[in-house]
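# A predicted structure for the sequence below; I have some questions about it.
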Amino acid sequence: MVVSLPRWWFLLLVVITVVALLALLPPAAGEGPTAELSWVTAALPGTPSDMVVRDDHAYLAVGSGLLVLDISEASNPRELSFLPLVNGAGLVGVSGDYACVVDTQGIRIFNITNPAEPQEMGNLSIEGEIRYLAMGQDYVYLTVAYYVVDLEKWEYSLAVVDISDPRAPRVVGNYEAPVGIFDMTVAGDYVYLADGWGLRIIDVSDPEEPEVEGTYITSNRTFGVDVVDDFAYVTDFYGLRIINISDPTDPQEVGYNDTLGYTLGVEVSGDLAYLAAISNVIVVDISNSSDPQEIGRNDTFRYLGNQVIVGDRLYLVDYYTGFHLLDITDPTEPRGLGRYDEFGSAFEIVGIGEHLYIADGAGGLEIVDISEPVDPQETGRADTPGTTNGVAVSGTHAYVADLEGGFRIIDVSDPAAPVEVANLTLPSDAYGVTLSGSYAYVADWEGGLRIIDVSDPAEPTEVGNVSTPGGAYDVTVAGSYAYVAAVKQGLRVIDISDPTESLEVGSYDTPGRAYHVALADDYAYVADYEAGLRIINISDPTNLSEVGSFDTPGKARGVAVEGAYAYVADGPGGLRVIDVSNPASPYEVGHYETLDSYHVVVAGGTLYVAAGGAQLQVLHLNFLPVASIDVISLHLANETEPVTFNGSGSDLDGSITVYQWRSDIDGPLGNASSFSNASLSPGNHTIYFKVQDNEGAWSAEATASLDINAIPLAFVDYILPSIAEEGEEVSFWGYGSDDGNITAFQWRSDIDGNLSTNDSFRTASLSPGLHTIYLKVMDDYGVWSEEASVELEIYWKLTAFIDEISPNSTNKGEEVYFEGHGVGQYEIISYQWRSSLNGFLSIGTNFTSTSLFAGNHTIYLKVRDSEGEWSPEASASLHINFPPEAHILSIEPSPVIEGDNVTLEGVGSDSDGRVVAYQWESDLDGPLGDSPTIVIDTLRIGRHNLTLRVQDNEGMWSVSPQKRLSVLERLDDEVEVPSSEDDGELPFPGVPWLLLTFLLVLRWRRSRCCPR
């Protein structure tokens, strides 16, 4: 036998199989909690990169935000306000009451009416990298560089931004430049560009249609430009060029000085030009434009940025040494008036208790109070002669890797006043340092690993060293081994069990450049620059092997490991959080694109990122909760069938406070962890479930599939005719609708029951009456629809019914009861009864008759309706029986003496049958016998009325004839009474028979009334 299963059975089997297989699979990468990182603050001013002076205030873009200095006292510039900006600050311009700051996303406009509290007014996102800014009254001019991936090259443009409404800045014009732009200035209706080919003059009188007015091609790349009157002053690789721009369409060089060397910016005041030449300021006399000559310089700087002249003061920024004010009263000898150097960079951070110790590059060692984690405050700083790149802290001392400044030991017992207590010159550049026991281990670039005894911090002593190829940049110690990140030669393992006789025992050359290493359990996590994060098995230090890696998008420079996560400082790629619970298969769970990233310290939910020139960036870390759909009671349910949902959430660093379910079809479903719903719409639902933690963060949505099968719908298309006569053929048509297929039909009548299982059929056998016809259909999931219903009237064919003839077999002359009725489409108004023997009987619905002829009658009834139509005759049988006859032939003797035999003889006859039974009875003695003739001697004394009846073969009894019989008492002197059959003489001759009989009766009566 072949069994056919419905489609839903196979679908269910597939679902169960898939779920079972999925349950057997290992967790896929990316299934752990996601880390959500958000910017909290840029705690401290970073490296200054641009500056504008207005009145008594200097506005500086300092990497991490906007710094406003009060410079009213030239010898003591001081911070007036610092505004941390999430996207940093690279350039700044001021016009009237507004400052425009360029960040990594575009520009921000601030109202600086009160310089102590700049207020942001508006912002504008700009695609590409903004490299230079110049401000007019209502317009900002931006040079933008953007990389075209398809063309694999950089392209450049000048964007004109309308800031007349500071709340809604907008780009109104654009000029596509043929080469890179390195500086620009605005004068009148022109923007002057120093680009890779020379000087380019752009007419911006129509801001919406900037166009080239003129160009002057120099022999090499230009870097700076300033315009005064009819001359443009341009710097290049060799010095200063002076170009006459009185005719902007035909600029001409009129003089130059190419003995000044590589110069960047230029600022002109009167007959003097001040050139920023990397580490010095050069003063050039331009009174003779055809023969500019150097007349003075100041060589006290390290790397100059831009400069501004106001009166007899020159303001400039040095990326390393800060903000400087120079007195240029004597231009031949510019001299310093004041300096503000409380800027910083951050290249490495160590967190100890409530303080951070920051390797601040040129700023030395910076100590920051983090008792309020989201509002760090600098408490102290120790300047170092070199560039601080690494730091380690133990007890009351900080140990600093100071690049060219070697190894420095600083007493930090008073964080507000750190002081150096010792130093040690090293052969190369000290990049990294770590501590273990009483030893400091210094990564000294080409000097390899240096091991220094710091048991007496005041007198450090080098006790050993190991050469490491590739450049020692960072070092971490675990047990008897030091692990060195050796940039070009990967990870090196040094046995330091005897610090004086250390030696390399193992190595692994990573594919990138190894800048930092962190250890956890049996693994070393290497920040491998362009090769991202490399995970190396160090369980056997002599036989290292890579087990996993993750290619970060930036340049991995630092790494910290906490629990199951590696936090990678990815340079321009920001901070990346990598799940390393399975070292062979690390995956990213979160990231934040800080302005830069060198190193990171993890302190619970707070991350402190060393962001280079953007200084200390503070991030908040929240591991997003994870939502899990535990149970959906029915993955395949019928419409209106209750479905139970059960979900849960977990949070690595908090608790679950809110639940939210939704369907892609029905929208929101519920906000409890579990609930039931019986009102889901039909269709293939994707169910989404998410949870919210106590910090208000939502999880990613967990999903599951739920198929709600639509209950099919049945439709009775038509029934023809809708009113039919009994026996007339009726046609039925129906159909069903469903989101699948209709597989079965069921028709029924409330009168006749089931009719058909086809979508259409015909029948002529419907019973008369008002039918309700029902149709239901079944879909391919085995679900029946609700019944559709239609009324159908089947009216009776004009018909007569004989309801009762009672009795239907009786004797002639007995009363017979007749009853009947008629049905039809119309009212019945006439009845007519007749007999096959008697003929017409009645016109009533019921009647009685006693005059029916004997015999087998066929009784007929017909009815007539109000339309005058007669029905066919109904018929029934009636038997009227002739009763049998009984005859008593003789009773001998009569009378009879008590105890003597008496013979009773009778006979029966039946004209339409036969006699089948006899019955003799006495009114004194009851039944006597059941034969035609009986002989009996037990009759009691008295006068008997004897009857005989007979029964015919139809069970009918005859009328009973009757005769009398006297039974006399027997006397002692018995008189012999001759029978009527005796032929002899009477016993008493001469006495008449009648008299004798009288005497005998008299004697009998006397004997009954007068006993002896």
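Thanks, I have it. Numbering: from 1, shown residues only.

# ok, the most centrally placed residue in the chain - contacts?
In the chain, the centroid-proximal residue (Cα atoms, centre = their mean) is Tyr688; its distance is 1.7 Å. By Cβ atoms under 8 Å, 6 or more residues apart in numbering, the contact list for Tyr688 reads Trp661, Arg662, Ser663, Asp664, Glu701, Ala702, Thr703. In this view, the C-beta of every residue, glycine as well, is placed from N, C-alpha and C.

# go with 7 Å
By Cβ atoms under 7 Å, 6 or more residues apart in numbering, the residues touching Tyr688 are Arg662, Glu701, Thr703.

# tell me the average confidence for the helix or strand that contains Tyr132?
Using DSSP states H and E, Tyr132 sits in strand 129-135. For strand 129-135, mean pLDDT is 95.

# picking that back up, are any of the contacts of Tyr688 buried, and which?
The neighbour-count test (16 or more other Cβ atoms under 10 Å) marks Arg662, Glu701 as buried among these.

# ok, so of the contacts of Tyr688, who is nearest Glu462?
Glu701 (58.6 Å; Cβ to Cβ).

# The closest one contacts Lys690, doesn't it?
Yes - assessed by Cβ atoms under 7 Å, Glu701 is found in contact with Lys690 at 4.6 Å.

# Which neighbours do the two have in common?
What both Glu701 and Lys690 touch, as defined by Cβ under 7 Å, 6+ apart, is the set Ala627.

# sorry, back to before: ok, of the contacts of Tyr688, which one's closest to His821?
Arg662 (67.5 Å).

# count of neighbours near the residue lying closest to Gly46 once chain neighbours are set aside?
Spatial nearest neighbour of Gly46, chain neighbours left out: Gly63 (2.8 Å); criterion: Cβ to Cβ, 6 or more residues apart in numbering. By the criterion of other Cβ atoms under 10 Å, Gly63 has 30 neighbours.

# which residues touch Gly63?
So Gly63 contacts Gly46, Thr47, Ser49, Gly88, Ala89, Leu595, Gly613, Ala614, Gln615 (Cβ under 7 Å, 6+ apart).

# can you give me the strands for the stretch 851-1000 of the chain?
Ranges of strands in the stretch 851-1000 of the chain, per DSSP state E, counting those that start in this stretch, are 855-865, 874-881, 885-892, 896-897, 902-909, 915-922, 926-929, 933-936, 942-952, 962-968.

# Could you provide those strands in CSV, with additional columns for mean pLDDT?
CSV is the format used below for the strands of the stretch 851-1000 of the chain (pLDDT from 0 to 100):
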stretch, mean pLDDT
strand 855-865, 96
strand 874-881, 94
strand 885-892, 94
strand 896-897, 94
strand 902-909, 95
strand 915-922, 96
strand 926-929, 95
strand 933-936, 96
strand 942-952, 95
strand 962-968, 94
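
# what's the closest of these to Pro385?
Short answer: strand 855-865, nearest of the strands of the stretch 851-1000 of the chain by Cβ to Cβ, at 130.3 Å.

# could you check the angle strand 874-881 makes with that closest one?
150 degrees (axes from the mean of the first three to the mean of the last three Cα atoms, to 10 degrees).

# With only the CA atoms kept, save strand 855-865 in CSV.
The C-alpha trace of strand 855-865 is given here as CSV (Å, rounded to 0.1, in the frame of the first residue of the first chain):
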residue,chain,number,x,y,z
GLY,A,855,-62.1,-8.6,0.7
ASN,A,856,-58.6,-7.2,-0.2
HIS,A,857,-59.0,-3.5,-0.7
THR,A,858,-56.5,-1.2,-2.4
ILE,A,859,-57.1,2.2,-0.8
TYR,A,860,-56.1,5.2,-3.0
LEU,A,861,-55.5,8.9,-2.0
LYS,A,862,-54.8,11.8,-4.2
VAL,A,863,-54.6,15.5,-3.5
ARG,A,864,-55.1,18.7,-5.4
ASP,A,865,-53.1,21.9,-5.0
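
# now for it, which elements pack on it?
Applying 3 or more Cβ pairs under 7 Å, 6 or more residues apart in numbering; DSSP states H and E, one finds that strand 855-865 makes contact with strand 799-806, strand 828-835, strand 874-881.

# which one of these lies closest to Thr387?
strand 799-806 (120.0 Å).

# List of residues touching the helix or strand that the closest one is followed by?
Where DSSP H and E defines the elements, the next helix or strand beyond strand 799-806 is strand 809-811. The contact list for strand 809-811, computed with Cβ under 7 Å, 6+ apart, reads Val816, His879, Ile880, Asn881, Pro883, Glu954, Met956.

# Which helix or strand in the protein has the lowest average pLDDT?
The helix or strand of the chain with the poorest confidence is helix 7-24; it has a mean of 35 (mean pLDDT, DSSP states H and E).

# Buried residues in stretch 318-335, which are they?
Going by 16+ other Cβ under 10 Å, stretch 318-335 has these buried residues: 318-328, 331, 334.

# contacting residues around Asp250?
Gly214.

# got a list of contacts for stretch 645-663?
33, 605, 622-623, 625-632, 668-675, 680, 685, 687-695, 699.

# Of these, just the buried ones, PyMOL syntax please.
Only the buried entries of those go into this PyMOL selection, using 16+ other Cβ under 10 Å:
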select buried, resi 33+622+623+625+626+627+629+632+669+670+673+680+685+687+688+689+690+691+692+693+695+699
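
# Leaving out sequence neighbours, find the closest residue to Ile243.
Ala232 (4.5 Å).

# Kindly state the beta-bridge partners for that neighbour.
Beta-bridge partners recorded for Ala232 (DSSP bridges): Val227, Ile243.

# surely it meets Val225?
Yes - counting by Cβ under 7 Å, Ala232 touches Val225, with 6.0 Å between them.

# Mind listing the shared neighbours of the two?
Joint contacts of Ala232 and Val225 (Cβ under 7 Å, 6+ apart) are Tyr192, Leu199.

# For Ser289, grab the count of nearby residues.
When neighbours are counted by other Cβ under 10 Å, Ser289 comes out with 17.
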